[in-house]
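A.B. asks: pasting the structure only:
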């Protein structure tokens, strides 16, 4: 089957059912690439449909919404927080979140560790790197993150694990630029693995790629993709109104 260009990929799926969308996307993923179903703004009925189709990892970008969904959906869901982390919201998700993907300061690692300890839990964190040309995106600069890792205080945090890196490419039709940015994230991951996590099997994830560019991210080395609209359709911005 001939698929549409990447940037129109999500629209191709919007009129299909969730189970079929999931099956098509999973069939396109190489072995070893994990799928995070980005369910933000969508009602619990749609998440339940994806769950019934076999999906277990879901990503949300608003803590209140994720918390509300976690309370009514099956307990074996692995919740990933993929939005910009606000320190004062960490305590709300610490009792149940599995992975916090968008960690962009050392102070947030400290607070996640503190809240995980209060809940007798262990939380995986990804270091978010700013790889795009857009200033609106969050993340460590590579130099800032390297300096934090070099300083070494993160090694004393016992209730978190740094499990990898996360990044978002520029929203552009210039596919060469998108490839370069994803390639840069892979280079950063490899450097950190060699210099700071050589003995850690836990530092193993590059989370990159969304509905419109995940194939390019996988080509560059991503082994976790965050896909929303190609599974659930357009976002429902009226969900919480």
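C.D. replies: Looks like it came in fine. Quantities reported herein were computed from a predicted structural model and do not represent experimental measurements.
A.B. asks: Who are the packing partners of the helix or strand encompassing residue 59?
C.D. replies: In this assignment (DSSP states H and E), residue 59 forms part of strand 57-60. Secondary-structure packing of strand 57-60 (3 or more Cβ pairs under 8 Å, 6 or more residues apart in numbering; DSSP states H and E): strand 34-38, helix 63-70, strand 78-81. For glycine as for every other residue, the C-beta is placed from the backbone atoms N, C-alpha and C.
A.B. asks: Specify which residues of this structure, grouped into ranges, have pLDDT under the cut-off.
C.D. replies: 1-16, 136, 235-241 (pLDDT under 70).
A.B. asks: report the longest helix in it, please.
C.D. replies: If you go by DSSP state H, the chain has its longest helix at helix 175-196.
A.B. asks: who touches that one?
C.D. replies: 6, 127, 129, 131-133, 142, 145-146, 149-150, 164-165, 167, 169-170, 172, 203, 206, 208-209, 213, 216-217, 219-222 (Cβ atoms under 8 Å, 6 or more residues apart in numbering).
A.B. asks: quick one: contacts of the next helix-or-strand element following it?
C.D. replies: On the C-terminal side of helix 175-196, the closest following helix or strand by DSSP H and E is strand 205-207. By Cβ under 8 Å, 6+ apart, the surrounding residues in contact with strand 205-207 are 34, 36, 101, 126, 163-167, 185-186, 189, 221-226.
A.B. asks: check contacts around the spatially closest residue to residue 79 that is not a sequence neighbour.
C.D. replies: Spatial nearest neighbour of residue 79, excluding adjacent residues (Cβ to Cβ, 6 or more residues apart in numbering): residue 97 at 5.0 Å. Shown in contact with residue 97 (Cβ under 8 Å, 6+ apart): 66, 79, 80, 81, 123.
A.B. asks: before we move on, what about residue 96?
C.D. replies: With the criterion set at Cβ under 8 Å, 6+ apart, residue 96 makes contact with 67, 70, 79.
A.B. asks: So what does the residue nearest to residue 79 have for phi and psi?
C.D. replies: In terms of degrees, to the nearest 10, the main-chain angles of residue 97 are phi -70, psi 140.
A.B. asks: How far off centre is the longest helix of the chain?
C.D. replies: 16 Å (Cα atoms, centre = their mean, to the nearest Å).
A.B. asks: picking up where we left off before, could you dump the contacts of residue 97 into TSV with neighbour count and distance to residue 233 added?
C.D. replies: Supplementary listing: the contacts of residue 97 in TSV, determined by neighbours: other Cβ atoms under 10 Å; distance: Cβ to Cβ, whole Å:
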residue	neighbour count	distance to residue 233
66	25	19
79	22	21
80	27	20
81	24	22
123	25	30
